[in-house]
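Participant: Provided below for reference: sequence and predicted model.
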Amino acid sequence: MSKYLELSASEKREALLAAEEQHESKLPAYIIEKDYWVTQTLNILYTKIAPTFSEKCDKPFLFKGGTSLSKGYSLINRMSEDIDLSFSLNLLGCQPIDLVKFTSRKARQAEAIVIDKKAEELIKQHLINQLTEHLQALDPEVKIEIESDAPLNIAIYYPKALNEDEYGSAAQQRVLLETGGRSDNHPDKFVEISHMLGEAIPELLDDGFDVLTLSPERTILEKMFAIHTNHVKESLADKHARHLYDIIEIDSNYPDWCTNKDLFEVVVNFCNIYYKWHADSCSTALKGPLMLTPQNSDMTDKYKKDWESMADMFPKAELPYSFDDLIDSVKSIEVKANGSFYA
């Protein structure tokens, strides 16, 4: 049993408030509470559920996205609230799309949808029941459901230990497990995971455990391609200013990403094949130049508004960069990418 769950209701609240003061991230108590349940969910996925699929594959799950950057690598210091989890094709009983057999984008997209349906079956037939069993063994008040409008997503509603006025608006009080099988899961790396509550209060620290994650070197390339697509289409997808921040932080710790143009081309081609990605975005990303900064005043204004709305996601509700500094840093990375990939 996790040490935190042995506390009384009042002791849980006191522990979370104390962790807010003591954890180096300085994130609010309600984020630390959510992080605790994110960690418990990952623990169950990797130590309880993954071994049950050992006959099908040795790496059934891959943890990726913003939360993997913060929990797995301590690369970003913003609230990353949910779990982005990819299923391996072997787990789903699928093969990579045969590019010789399926030559048109339409045919390849149809095959990609088959992968989605297999993932939905896995969730309905196995994952939802396994998660419910193990999470409710921790606390019977936990509620788990498949989202009706997004059958690859599982919502986990955990019991709240704080007073209502101690919750902010930056994160919902539930863990969203976003899954899918359309993922090229390499390069990967095992990292040890623990929860922020135990990091702040050693008496509440539980044993760490290993989680298979997507490498930051690939994550930065995926985020860069997503940003490039925004600029080619001249439209801003929701919550994409955070990608700019993440790109800056990954670059500062993994500066050699720019030496792997082959991996960037893998990212672009994978999106083209499996997601029928915006065609012009794919072709321009392959031939260059890569566009990471806003190309007109309208896009600049949209990114600025998005960035300034993110303040609550950072410690003390303070943005780590002004918008101008954010764009200046991304511009330097844009120059670096174009000089390396297309010179």
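Facilitator: Noted; the coordinates are in hand.
Participant: show me the contacts for His195.
Facilitator: Applying Cβ atoms under 8 Å, 6 or more residues apart in numbering, one finds that His195 lies in contact with 35-36, 38-40, 206. For the C-beta atoms, the positions are set from N, CA and C on the backbone; glycine is no exception.
Participant: try 10 Å
Facilitator: Counting by Cβ atoms under 10 Å, 6 or more residues apart in numbering, His195 touches 2, 4, 19, 32-33, 35-40, 42-43, 71, 204-206, 208.
Participant: can you list the domains in the chain?
Facilitator: 3-214, 217-341 (automatic domain parsing).
Participant: I'd like the distance from the shortest one to the chain centre, please.
Facilitator: Think domain 217-341. Relative to its chain's centre, domain 217-341 lies at 15 Å (Cα atoms, centre = their mean, to the nearest Å).
Participant: cool, stretch 192-206 as well?
Facilitator: For stretch 192-206, the distance to the chain centre is 21 Å (Cα atoms, centre = their mean).
Participant: Dump it to CSV, restricted to CA.
Facilitator: Only the C-alpha atoms of stretch 192-206 are listed here, as CSV (Å, rounded to 0.1, in the frame of the first residue of the first chain):
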residue,chain,number,x,y,z
GLU,A,192,12.7,5.6,-13.2
ILE,A,193,9.5,7.3,-12.1
SER,A,194,8.4,8.6,-8.6
HIS,A,195,5.8,11.0,-7.4
MET,A,196,6.4,14.6,-6.4
LEU,A,197,4.7,14.1,-3.0
GLY,A,198,7.4,11.6,-2.0
GLU,A,199,10.2,13.7,-3.4
ALA,A,200,9.1,16.6,-1.2
ILE,A,201,8.2,14.5,1.9
PRO,A,202,10.6,11.5,2.2
GLU,A,203,8.3,9.8,4.7
LEU,A,204,5.8,9.4,1.9
LEU,A,205,8.1,8.2,-0.8
ASP,A,206,7.2,4.9,-2.5
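Participant: The residue most central in space within the chain and Val38: what is the separation?
Facilitator: Centroid-nearest residue in the chain: Gly65, 2.3 Å away (criterion: Cα atoms, centre = their mean). Distance, Gly65 to Val38, using Cβ to Cβ, to the nearest Å: 12 Å.
Participant: hmm, back to that, a markdown table please, covering the domains of the chain and showing mean pLDDT.
Facilitator: Converted to a markdown table, the domains of the chain look like this (pLDDT from 0 to 100):
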| stretch | mean pLDDT |
| --- | --- |
| domain 3-214 | 95 |
| domain 217-341 | 94 |
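Participant: and Ser148, how many neighbours?
Facilitator: By other Cβ atoms under 10 Å, the residues close to Ser148 number 8.
Participant: need the contact list for it.
Facilitator: Counted by Cβ under 10 Å, 6+ apart, Ser148 has contacts Ala155.
Participant: Would you report the backbone torsion angles of the closest residue to Gly288 other than its chain neighbours?
Facilitator: Of all residues not flanking Gly288 in the chain, Tyr342 sits nearest, at 3.4 Å (Cβ to Cβ, 6 or more residues apart in numbering). With angles defined as degrees, to the nearest 10, Tyr342 sits at phi -130, psi 10.
Participant: Can you give me every residue that contacts Tyr342?
Facilitator: Applying Cβ under 10 Å, 6+ apart, the residues near Tyr342 are 261, 286-290.
Participant: same thing with Asn153?
Facilitator: Asn153 makes contact with 82, 123, 145-147, 176-180, according to Cβ under 10 Å, 6+ apart.
Participant: quick one: which two of those residues are the most distant?
Facilitator: Spatial extent of the contacts of Asn153 (Cβ to Cβ) is set by the pair Glu145 and Gly180 at 17.9 Å.
Participant: which of those two has more neighbours?
Facilitator: For Glu145 versus Gly180, the count of surrounding residues by other Cβ under 10 Å is larger for Gly180: 16 against 13.
Participant: Next up, the contacts around the more buried one.
Facilitator: With Cβ under 10 Å, 6+ apart, Gly180 has these contacts: 84-87, 115-116, 119-120, 152-153, 274.
Participant: Tell me what it is bridged to.
Facilitator: Counting by DSSP bridges, Gly180 forms beta bridges with Ser86.
Participant: Run through the helices of this structure in chain order.
Facilitator: Secondary structure of the chain by DSSP state H: the helices cover 9-22, 29-43, 66-73, 89-92, 105-122, 128-138, 196-200, 216-233, 241-253, 261-275, 279-287, 297-308, 323-341.
Participant: So which of those is nearest Lys56?
Facilitator: Nearest to Lys56 among those is helix 89-92 (5.5 Å), distances taken as Cβ to Cβ.
Participant: Just list what the closest one packs against, helices and strands only.
Facilitator: Judged by 3 or more Cβ pairs under 10 Å, 6 or more residues apart in numbering; DSSP states H and E, helix 89-92 is in contact with helix 105-122.
Participant: Pull out the buried positions in the helix it packs on.
Facilitator: 108, 111-112, 115-116, 118-120, 122 (16 or more other Cβ atoms under 10 Å).
Participant: Just send those back as CSV, with distance to Thr229 too.
Facilitator: CSV is the format used below for these (distance: Cβ to Cβ, whole Å):
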residue, distance to Thr229
Arg108, 18
Glu111, 22
Ala112, 18
Ile115, 21
Asp116, 21
Lys118, 27
Ala119, 24
Glu120, 26
Leu122, 29
